[in-house]
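J.: model this:
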Amino acid sequence: MAEPGQGFYPYQAQIEGYGNGGFRFAGMSHRGSLLCLPSGMHAWPVTSPAEITRESLEPLFAVADQIDVLMVGLGVDIAGFDKGLRQALRERGIIVEAIATGGAVRTYNILLGENRAVAAALIAVEAVR
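T.: Below you'll find the predicted structure:
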């Protein structure tokens, strides 16, 4: 994953805002999609649900033993989530909730606030609904 200064923040943080093609967290602004993992906040080069693959989620698989729930933000609309990928995550003990990015952000924040073992894979959106 990216090194510090290249789309990486070394702590998991609440999402303070989203839209305009990015996210705000820890008092900073990030343009583009985001992986929120126990190892920190990582730039994620995914722009559509079709780009969510085992390879794009490899950083998540690397820390799967630290995650119980994965919130997937699919953009502005709810789209399908690959059944094989969902099964591979389930086999690692991870529950997957794939919904629109806004709902995924809100649920991620609630679970993180409850100190749950949560991660998020969030596709950036331009407009907030």
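J.: Identify the neighbouring strands of the lowest-mean-pLDDT helix or strand in the chain in the sheet and state each direction.
T.: Lowest on mean pLDDT, DSSP states H and E among the helices and strands of the chain sits strand 8-9, with a mean of 87. Sheet pairing of strand 8-9 (DSSP bridges) gives strand 40-44 (antiparallel).
J.: Need the contact partners of stretch 107-118.
T.: Residues from elsewhere that reach stretch 107-118 (C-beta atoms under 8 Å, 6 or more residues apart in numbering): 12, 14-15, 36, 38, 66-71, 97, 99, 120, 122. (C-beta placed from N, C-alpha, C; glycine too.)
J.: quick one on the thing from earlier: just give me how far the least confident helix or strand of the chain sits from the chain centre.
T.: 13 Å (C-alpha atoms, centre = their mean, to the nearest Å).
J.: Just the buried ones among the contacts of stretch 107-118, please.
T.: Gln12, Ile15, Cys36, Ile67, Val69, Leu70, Met71, Glu97, Ile99, Ala120, Leu122 (16 or more other C-beta atoms under 10 Å).
J.: Who are the contact partners of the second one?
T.: For Ile15, the set of contacting residues under the criterion of C-beta under 8 Å, 6+ apart consists of Phe23, Arg24, Phe25, Cys36, Val105, Tyr108, Asn109, Ala120, Leu122.
J.: can we see that at 7 Å?
T.: Phe23, Phe25, Val105, Tyr108, Asn109 (C-beta atoms under 7 Å, 6 or more residues apart in numbering).
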